[in-house]
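Asks: Below: sequence and its predicted model.
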Amino acid sequence: NDASTVFDLVILGGGSGGYAAALRGAQLGLDVALIEKNKLGGTCLHNGCIPTKALLHAGEVADQSRESEQFGVKTSFEGVDMAGVHKYKDEVIAGLYKGLQGLVASRKITYIEGEGRLSSPTSVDVDGRRVEGRHVLLATGSVPRTLPGLEIDGNRIISSDHALTLDRVPKSAIVLGGGVIGVEFASAWKSFGSEVTVIEGLKHLVPVEDENSSKLLERAFRKRGIKFNLGTFFQKAEYTQDGVKVTLADGKEFEAEVLLVAIGRGPVSQGLGYEENGVAMDRGFVLVDEYMRTNVPTISAVGDLVPTLQLAHVGFAEGILVAERLAGLKTVPVDYDGVPRVTYCHPEVASVGLTEAKAKEVYGADKVVSIKFPLGGNGKSRILKTAGEIKLVQVKDGAVVGVHMVGDRMGEQVGEAQLIYNWEALPAEVAQLIHAHPTQNEALGEAHLALAGKPLHMH
Ligand code: FAD
């Protein structure tokens, strides 16, 4: 393409949302330009989903080697070599990165490296070049947030970006924020040998999850020696001689070598020409309708930049929706209620649908029932020595409207839970399906058997 090309679609930001739109758009015959200032793949691949899960897996290997005697296997755990962990993590990223670059090239997407700025409703300027499109997709994502007066220095007070490349295992760490990112780092660091304390202002860890899941996670963390302080908000952080001291609103103090600020992520939308071109925003998030259209007819937006769930698979789905809509296909809005959520700490927390509290709000307290199947009744979970529960929330005599799972590898079960939820399957119908024995997946079947009134391995 030369400078006079008018693309069908110009995409600003090559993360999960942007690259999914590019790949699908090109597949459907659109002439696509993809502009990325940093690395194709964005947060998820380089600073998010993938590197954190690699760290968590390395942590699991460390735990297993430390605890291998319980399986009758003798090893001598000598510690964690962070350089080696980073090498493994970076190899995973590099392989995926190469694959993604190959896909973008093979679909004839025009990839433009550089920092872009929306210069009109149909163009983006990059390094003095104007890239014109019939349509523009904003997908500039998000970055870690902090609190006023809490400056991230990248050394003692750090964000998830720094935590992913820390060259040492901190002796002690305070994690500010007990949401998904906070508990994942807390879990990995504990496995690596740190003393970890999580500070969460709300009443529970992973507060968006069903209260039962939060409580099970708290029990498991307690058992692992991960400390946490719930229900009191952060007030200030100060440097000590060799670390950081955190004071909470009630005066309680905590000290550690590093403080990880994991209080959420804010949209990347300032100084990029969005406001000047009339794009409606709310607290920095770009506002969109259910088809990801902004108020400017030629501009769409997806991913962490818009106020929907900040998840890579949500960004993918939104990006695909935009590409298909622009290619003239019939599209349906993303069903946000049906999005699976997984927190990949040890043990994992996975869910789809409504929490019990929310279901009671929606359907009325007397119309909602729930059942819990403990993983202690599941053969494979016993073999793996993982504890936890699968909880189902059902509208009385109707479909299951919430599935909440805690236990190692429960993230891998969320696919079936999602099908059950989205197809509004009745417990009796799911109970009819034969689940393979012995798998952890069987526990999901057992929970449905119980809900259908015929529990097999449960009183
Ligand atoms: P991003 O991935 O942030 O991509 C935006 C891209 O735009 C970036 O590459 C950026 O460089 C580029 N950009 C920004 N401004 C410009 C500009 N002016 N010009 C050119 N390019 C620009 N989600 C999950 O689903 N599962 C997980 O397990 C998970 N784990 C996570 C762990 C961590 C530690 C973090 C931080 C996030 C995690 N997430 C996870 C969330 C997930 O990473 C995001 O939801 C996802 O990356 C959002 O995609 P996006 O395309 O909207 O934005």
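Replies: Perfect, I can see it now. Owing to the predicted nature of the structure, the values given are computational and were not obtained by experimental measurement.

Asks: Helices of the stretch 351-459 of the chain, residue ranges please.
Replies: With helices called from DSSP state H, counting those that start in this stretch, the stretch 351-459 of the chain shows them at 356-363, 379-384, 414-422, 427-432, 441-451.

Asks: do the same with the chain
Replies: Listed in chain order, the helices of the chain (DSSP state H) span 16-27, 42-47, 49-66, 82-106, 160-163, 180-192, 211-224, 312-326, 356-363, 379-384, 414-422, 427-432, 441-451.

Asks: measure residue 60 to residue 340 for me?
Replies: 21 Å (CB to CB, to the nearest Å). Bear in mind the C-beta positions are built from the backbone N, C-alpha and C, glycine included.

Asks: Actually, residue 331.
Replies: Distance from residue 331 to residue 340, by CB to CB: 21 Å.

Asks: try residue 296
Replies: For residue 296 relative to residue 340 (CB to CB), the value is 32 Å.

Asks: which residues touch the residue nearest the centre of the chain?
Replies: With distances taken as CA atoms, centre = their mean, the residue of the chain nearest its centroid is residue 311 (4.7 Å). The contact partners of residue 311, taken as CB atoms under 8 Å, 6 or more residues apart in numbering, are 339, 341.

Asks: cutoff 6 Å now
Replies: Shown in contact with residue 311 (CB atoms under 6 Å, 6 or more residues apart in numbering): no residues.

Asks: Can you list the neighbours in contact with stretch 212-226?
Replies: 186, 190, 196, 204, 205, 206, 347, 349, 389, 391, 404, 406.

Asks: What about the fifth one, how many residues nearby?
Replies: Spelled out, it's residue 205. 28 (other CB atoms under 10 Å).

Asks: same question, the second one
Replies: Burial of residue 190, expressed as a neighbour count using other CB under 10 Å, amounts to 22.

Asks: quick one: it and residue 196 touch, right?
Replies: Yes: using CB atoms under 6 Å as the test, residue 190 is close enough to residue 196 to be in contact (5.0 Å).

Asks: What residues does the stretch 301-450 of the chain have near the ligand?
Replies: Contact residues, the stretch 301-450 of the chain versus the ligand (CB under 6 Å from any ligand atom): 303, 304, 305, 310, 311, 312, 313, 315, 344.

Asks: Output those residues in CSV, with pLDDT and distance to residue 181 appended to each entry.
Replies: Formatted as CSV, those follow (pLDDT from 0 to 100; distance: CB to CB, whole Å):
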residue, pLDDT, distance to residue 181
303, 98, 16
304, 98, 12
305, 98, 18
310, 97, 10
311, 98, 12
312, 98, 13
313, 98, 16
315, 98, 16
344, 98, 11
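
Asks: farthest pair in those?
Replies: The span of these, defined through CB to CB, is set by 305 and 344 at 23.7 Å.

Asks: which strand of this protein spans the most residues?
Replies: Secondary structure of the chain per DSSP state E: the longest strand is strand 129-138.

Asks: That one and the ligand, any residue contact?
Replies: No: when contact is scored as CB under 6 Å from any ligand atom, no part of strand 129-138 falls within range of the ligand; the minimum is 9.2 Å.

Asks: what residues are up against residue 387?
Replies: residue 375.

Asks: what about 8 Å?
Replies: Residue 387 touches 220, 347, 374, 375, 376, 381, 407, counting by CB under 8 Å, 6+ apart.

Asks: Which ChimeraX command selects the buried ones in those?
Replies: A single ChimeraX command selects the buried members of those (16 or more other CB atoms under 10 Å):
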select :220,347,374,375,381,407
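
Asks: okay if I get the contacts of residue 387 as a markdown table plus pLDDT?
Replies: Listed next are the contacts of residue 387 as a markdown table, based on pLDDT from 0 to 100:
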| residue | pLDDT |
| --- | --- |
| 220 | 98 |
| 347 | 97 |
| 374 | 96 |
| 375 | 97 |
| 376 | 95 |
| 381 | 97 |
| 407 | 98 |
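
Asks: With distance to residue 335 as extra columns, can I get the contacts of residue 387 in CSV?
Replies: Listed next are these as CSV, based on distance: CB to CB, whole Å:
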residue, distance to residue 335
220, 31
347, 27
374, 30
375, 29
376, 34
381, 30
407, 26
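
Asks: ok, so of the contacts of residue 387, who is nearest the ligand?
Replies: For the contacts of residue 387, the minimum distance to the ligand (CB to the nearest ligand atom) is 15.4 Å, reached by residue 347.

Asks: who has more neighbours, residue 305 and residue 344?
Replies: More neighbours surround residue 305 than the other of residue 305 and residue 344, with 30 against 23 (other CB under 10 Å).

Asks: for that one, what are its contacts?
Replies: 13, 17, 138, 139, 140, 141, 142, 267, 268, 269, 285, 286.

Asks: wait, residue 177 sits on residue 246?
Replies: No: contact criterion CB atoms under 8 Å: residue 177 and residue 246 do not qualify, at 11.9 Å.

Asks: Now do the shared contacts for the two.
Replies: residue 199.

Asks: Under the pLDDT cut-off, which ranges of the stretch 1-150 of the chain? List them.
Replies: Scanning the stretch 1-150 of the chain for pLDDT under 70 picks out 1-3.

Asks: per-residue pLDDT, the residue of the stretch 151-300 of the chain found nearest the ligand?
Replies: Among all residues of the stretch 151-300 of the chain, residue 160 sits closest to the ligand, at 3.9 Å; criterion: CB to the nearest ligand atom. Residue 160 carries a pLDDT value of 98.
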